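Asker: here is my input, please return the structure:
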Amino acid sequence: MEKHITLPLTEDLAKSLKAGDTVYLTGTIYTSRDAGHKRMCEALARGEKLPFDPTDATIYYVGPTPAKPGQVIGSAGPTTSGRMDAYAPTMMSVGARGMIGKGARLPEVVDAMKKFAGVYFGAIGGAGALIAKSIKKAELIAYEDLGAEALRKLYVEEMPLVVIIDSEGNNLYEEGKKAYLESVE
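Answerer: Numbering: from 1, shown residues only. Down below sits the predicted model:
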């Protein structure tokens with residue numbers, strides 16, 4: 001099913017999404033990769049606040065290239081999500097609900113998604129320049145020393161994604177593989 005979604009990703013909205021849904025996101029998302037996630041989780045362990053409010057937030061696993069003159073951002077293709085698997089349950093425990101990336105997730109992440117009504121969106125790998133067209137504003141908000149991995153606040157319009165894993169743990173990667181194997185038997 002095709003859905004046009006305006007963020008933030010509330011619990012009710014997350015629960016309405018099903019694995020396989022085509023989604024077009026509009027609103028504020030945040031960027032972070034493994035180095036940024038490590039810093040955020042270390043800050044949380046020390047009892048510190050994050051540089052943004054994670055409540056109902058969606059985090060895009062991306063390290064964008066520098067913007068060329070006249071552009072908001074450079075190429076912004078997804079990073080392999082497994083690199084954030086050690087941190088995702090902690091981020092969801094403080095309110096982050098949506099994750100955007102590519103590739104499979106560990107069972108611990110899926111369990112946290114079910115517990116905290118999280119959703120994992122898949123972005124098309126290799127389509128960074130195309131995805132960047134949906135990014136209308138980009139602002140560096142923390143960890144500038146991390147370069148491409150710095151924490152950014154983005155405003156996106158109609159960002160094209162697919163729900164890979166929904167809040168019930170249904171996984172498009174597993175369902176698709178199963179359907180294929182049944183069709184060839």
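
Asker: now the strands for the protein?
Answerer: 2-6, 22-31, 58-60, 98-101, 119-122, 135-142, 151-165 (DSSP state E).

Asker: distance to Phe52 and mean neighbour count for those - can I get that in JSON lines?
Answerer: C-beta here means a position set from N, CA and C on the backbone, and glycine is covered the same way. Below are the strands of the chain laid out as JSON lines (distance: least, Cβ to Cβ, whole Å; neighbours: other Cβ atoms under 10 Å):
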{"stretch": "strand 2-6", "distance to Phe52": "18", "mean neighbour count": "13"}
{"stretch": "strand 22-31", "distance to Phe52": "6", "mean neighbour count": "19"}
{"stretch": "strand 58-60", "distance to Phe52": "9", "mean neighbour count": "27"}
{"stretch": "strand 98-101", "distance to Phe52": "13", "mean neighbour count": "26"}
{"stretch": "strand 119-122", "distance to Phe52": "18", "mean neighbour count": "26"}
{"stretch": "strand 135-142", "distance to Phe52": "6", "mean neighbour count": "16"}
{"stretch": "strand 151-165", "distance to Phe52": "7", "mean neighbour count": "21"}
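
Asker: in TSV, list these along with distance to Arg46 and mean pLDDT.
Answerer: Formatted as TSV, these follow (distance: least, Cβ to Cβ, whole Å; pLDDT from 0 to 100):
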stretch	distance to Arg46	mean pLDDT
strand 2-6	34	97
strand 22-31	20	98
strand 58-60	20	98
strand 98-101	23	98
strand 119-122	28	98
strand 135-142	15	96
strand 151-165	17	97
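
Asker: could you export those strands as CSV, including distance to Arg83?
Answerer: As requested, the strands of the chain are exported to CSV (distance: least, Cβ to Cβ, whole Å):
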stretch, distance to Arg83
strand 2-6, 25
strand 22-31, 14
strand 58-60, 13
strand 98-101, 9
strand 119-122, 14
strand 135-142, 19
strand 151-165, 15
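
Asker: and of these, who's closest to Tyr173?
Answerer: Nearest to Tyr173, of all those, is strand 151-165, at 6.4 Å by Cβ to Cβ.

Asker: just checking, what packs against that closest one?
Answerer: For strand 151-165, the elements it packs on are strand 22-31, strand 119-122, strand 135-142, helix 172-184, judged by 3 or more Cβ pairs under 8 Å, 6 or more residues apart in numbering; DSSP states H and E.

Asker: and if we set it to 6 Å?
Answerer: On a contact count with 3 or more Cβ pairs under 6 Å, 6 or more residues apart in numbering; DSSP states H and E, strand 151-165 meets strand 22-31, strand 119-122, strand 135-142.

Asker: all set, thanks.
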